[in-house]
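Undergrad: predicted model, plus sequence, below.
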Amino acid sequence: MCGIVGYVGKREAYPILIKGLHRLEYRGYDSAGIALVNGAGRLNVYKCKGKVAALEHFVESKDLEGSIGIAHTRWATHGEPNDANAHPHYSESENIALIHNGIIENYRVLKDALTEHGYTFRSNTDSEVLVNLIEYVRATNGCTLLEAVQQALKQVIGAYAIAIIEKGCRDRIIAARKSSPMVVGIGEGEYFLGSDAASIVEYTNDFVYVNDGEVAIIDRNLPLKIVTLDNRESRIDIKQLELSISQLEKGGYPHFMLKEIYEQPKTIVDCIRGRVNPDDFDVRLSGVIDNRERFLRARRIIFVACGTSWHASLIGEHLIENICRIPVEVEYASEFRYRNPIIHPDDIVIAVSQSGETADTLAAVELARKAGAFVFGICNVVG
């Protein structure tokens, strides 16, 4: 699960971006990087294999000035974990820098086409293909960066959350998403960007979640604007979010896994608090109650999940079949989406994802929706 952080405003961007990357370390990653535009308009990209601490050491003697920047932690998909494959990625001219969560499924076709037009590639990633595609569209059509992003993304098949800055522009980040979450934090004369609110919640409680197929124009001098790929303006829906910083830190443990193991008793209590009343044996799960009739009439329940979410679903299978006497199947989301499953309109598909952005699980959700099943989500991320 890759992580995205961005900032544009009045403060120095580097400390905010680095702290944001540390907030995202719980996800697991293999490399990290940062891009900044300094006061002279120079676009600097620094990245390396390893932990955020390795990145901090790498940039100690570098130019870190600038009040706009983007940063990334990567979990390798295309290309091995190394310095070249780490994000951000420059375009060939080094005028544009991009960070990307997700997978561009048709990257090979796009890469071959760009190679025919003289582009070369420094990495083995699908993400570098995307930044060069944006640059190619802009150079060919003489359009703005926003228009180039919109046109390029219409040619892309796959999932993405991207953030882009360019040389000479100290005021604006362009961000877009499809099937990979993205949130914009709104401050006073400044904006924050994240793949989830955890990385930026200490700076603001006002968040806007970017929807599928939308592009956010994040300009320090203007109100936030969100448009579709066809340039239709979207409504801005600001949500208030409260999160405890202590929940996001290691709390004295050497790593997040140990913290999560020792927190299990408290986590279980917190999970059922307000939902289970031991005095009258009442259980209130609002999402289930709101759709009670669907559950009562369900032909079967299908869990789709990956990794630890899949293991949790196996426990759910035993509990539901034993108590509710409804047939339950547990499917690995990556297999479910490719095997043309039989899904009925009176089936319930429960998608389980800790992050809310597991690509295979999101694809399984779309498949279930198209088949007419009722989809119920269980996610561990507020908002």
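TA: Arrived safely.
Undergrad: list of residues touching stretch 325-340?
TA: By CB atoms under 8 Å, 6 or more residues apart in numbering, the surrounding residues in contact with stretch 325-340 are 295, 298-306, 310, 313-314, 316-317, 320-321, 341, 351, 358, 360-361, 363-364, 367. C-beta: built from backbone N, CA, C; applies to glycine.
Undergrad: which PyMOL command selects the buried ones in the residues you listed?
TA: Typed into PyMOL, the line below selects the buried ones among the contacts of stretch 325-340, using 16 or more other CB atoms under 10 Å:
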select buried, resi 295+298+300+301+302+303+304+305+306+310+313+316+317+320+341+351+358+360+361+363+364+367
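Undergrad: so which of the contacts of stretch 325-340 are in strands?
TA: 301-305, 351 (DSSP state E).
Undergrad: what is the nearest of those residues to residue 217?
TA: Nearest to residue 217, judged by CB to CB, of those is residue 351 at 30.9 Å.
Undergrad: what are the ranges of the helices in this protein?
TA: 13-23, 52-58, 107-116, 126-141, 145-153, 245-248, 256-262, 264-272, 286-289, 292-296, 307-324, 333-336, 359-370 (DSSP state H).
Undergrad: export the ones you listed to CSV and tack on distance to residue 347?
TA: Shown next, in CSV, are the helices of the chain (distance: least, CB to CB, whole Å):
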stretch, distance to residue 347
helix 13-23, 38
helix 52-58, 43
helix 107-116, 34
helix 126-141, 33
helix 145-153, 33
helix 245-248, 35
helix 256-262, 32
helix 264-272, 26
helix 286-289, 16
helix 292-296, 10
helix 307-324, 13
helix 333-336, 12
helix 359-370, 8
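Undergrad: weakest of those by average pLDDT?
TA: Note on those: helix 245-248 shows the lowest mean pLDDT, a mean of 62.
Undergrad: sorry, back to before: out of the helices of the chain, which is closest to residue 190?
TA: Of these, nearest to residue 190 by CB to CB is helix 13-23, at 9.2 Å.
Undergrad: what's that closest one packed up against?
TA: strand 3-8, strand 31-37, helix 52-58, strand 68-74, strand 191-194 (3 or more CB pairs under 8 Å, 6 or more residues apart in numbering; DSSP states H and E).
Undergrad: and those: which comes nearest residue 263?
TA: Nearest to residue 263, of those and by CB to CB, is strand 3-8 at 21.1 Å.
Undergrad: ok, and what's touching that closest one?
TA: 13, 16-17, 20-21, 24, 27, 29, 67-73, 99, 101, 161, 163, 171-173, 175, 182, 190-195, 199-200, 218-220.
Undergrad: so where is the stretch 101-250 of the chain shaky, pLDDT-wise?
TA: 242-249 (pLDDT under 70).
Undergrad: which residues does residue 227 contact?
TA: 146, 150, 214-215, 217, 233-234.
Undergrad: closest to residue 371 out of the residues you listed?
TA: Nearest member of the contacts of residue 227 to residue 371, counting by CB to CB, is residue 214, at 25.5 Å.
Undergrad: tell me the contacts of residue 226?
TA: 208, 210-211, 214-217, 233-234, 236.
Undergrad: who wins on neighbours among those?
TA: Taking other CB atoms under 10 Å as the neighbour criterion, residue 216 ranks highest of those with 25 neighbours.
Undergrad: and the residue nearest to it when sequence neighbours are not counted, how far is that from residue 274?
TA: Take residue 216 and drop its neighbours on the chain: the residue closest to it by CB to CB, 6 or more residues apart in numbering is residue 175, 4.5 Å away. Residue 175 is 34 Å from residue 274, where distance means CB to CB, to the nearest Å.
Undergrad: so which of these two has more stuff around it?
TA: Neighbours per residue (other CB under 10 Å) separate residue 175 from residue 274, with residue 175 holding more: 26 against 9.
Undergrad: okay, and the beta partners of that one?
TA: For residue 175, the beta-bridge partners under DSSP bridges are residue 163, residue 216.
Undergrad: so it is in contact with residue 194, correct?
TA: No: counting by CB atoms under 8 Å, residue 194 is not a contact partner of residue 175; they are 10.1 Å apart.
Undergrad: can you list residues touching both of these two?
TA: 6, 182.
Undergrad: domain ranges for this structure, per the record?
TA: Domain assignment for the chain by automatic domain parsing gives 3-247, 297-379.
Undergrad: do you know which of the ones you listed lies nearest residue 268?
TA: domain 297-379 (12.3 Å).
Undergrad: what about the closest one, start to end distance?
TA: 24 Å (CA to CA, to the nearest Å).
Undergrad: do stretch 82-100 as well
TA: OK, stretch 82-100 end separation, CA to CA: 16 Å.
Undergrad: that stretch: which residues count as buried?
TA: For stretch 82-100, using 16+ other CB under 10 Å, the buried residues are 84-92, 95-100.
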